[in-house]
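1. curious how this folds, go ahead:
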Amino acid sequence: MNLSLLVYVIVGAFVAAAHDFFDHVGSIRGVASAVIAILTWPLVLLGVEIRIT
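-> As a prediction, this is how the structure comes out:
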């Protein structure tokens, strides 16, 4: 695995946690929202709301 990809995912996890995306991981929708937030964390920092409802 590329080191920059690993760093990208780790930073994404911290950003997703800071924006409470891990609060609802008890459902498939919550897990999907968290995964999408981790992968698109620059958008989350810009204020884009990425929640699957």
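
2. shaky segments in this structure?
-> Scanning the chain for pLDDT under 70 picks out 1, 53.

3. remind me, longest helix of it?
-> Among the elements of the chain assigned as helix by DSSP state H, the one spanning the most residues is helix 3-18.

4. just checking, what packs against it?
-> With contacts defined as 3 or more Cβ pairs under 8 Å, 6 or more residues apart in numbering; DSSP states H and E, helix 3-18 has these neighbours: helix 28-39, helix 41-45. All C-beta atoms are positioned from the backbone trio N, CA, C, and that covers glycine.

5. what about stretch 33-47, distance to the chain center?
-> Mean-position distance between stretch 33-47 and its chain equals 5 Å (Cα atoms, centre = their mean, to the nearest Å).

6. for stretch 45-53, that is, sorry about that
-> Distance, centroid of stretch 45-53 to centroid of chain: 9 Å (Cα atoms, centre = their mean).

7. hang on, the earlier thing: tell me the buried residues in the longest helix of the chain?
-> Buried residues in helix 3-18, counted by 16 or more other Cβ atoms under 10 Å: 12, 13, 15, 16.

8. give me the contacts around it.
-> 22, 34, 37, 38, 39, 40, 41, 44, 45 (Cβ atoms under 8 Å, 6 or more residues apart in numbering).
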